[in-house]
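Peer 1: Sharing a model prediction with you, sequence too.
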Amino acid sequence: MVPVEYYIILSAVLFSIGVAGVVFRRNALVIFMSIELMLNAANLAIVAFSSALKSLEGQIFVFFVIAVAAAEVAVGLALIVEIFKSKRSIDVDQMNSMKG
């Protein structure tokens, strides 16, 4: 069996890659993918701890996080499509949510 520490290290690496994607990239699609990567890294850590503690609550919690992440993707992509229709760009530096 693989030790829990390996899963936690992998989770930390994936989360760090996601943070780097959010901080350094300006494309809205890449930012959404990076957020999904961070959510999945947190899910991996929760499932690893849940498995190590022989508890089912962590896995149930991860199921709900995945459902919320799927809803977030649907809403986020719909927003990106609408913004691209009007501005012809999905660069987040050009977006201003305070303008009508």
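Peer 2: Looks like it arrived, so ask away. Residues are numbered from 1 along each chain as shown.
Peer 1: For the helix or strand containing residue 9, which helices and strands make contact with it?
Peer 2: According to DSSP states H and E, residue 9 maps onto helix 4-24. Applying 3 or more CB pairs under 8 Å, 6 or more residues apart in numbering; DSSP states H and E, one finds that helix 4-24 contacts helix 28-52. Placement of C-beta: from N, CA and C, glycine included.
Peer 1: Next, the residues that contact the helix it packs on from outside, please.
Peer 2: Counting contacts by CB atoms under 8 Å, 6 or more residues apart in numbering, the residues outside helix 28-52 that touch it are 4, 7-8, 10-12, 14-15, 17-22, 25, 56-59, 61-62, 65-66, 69, 72-73, 76-77, 80, 83, 90-92, 95.
Peer 1: Of these, keep whichever come out buried.
Peer 2: 7-8, 11, 14-15, 18, 21, 58, 62, 69, 76, 80, 83, 90 (16 or more other CB atoms under 10 Å).
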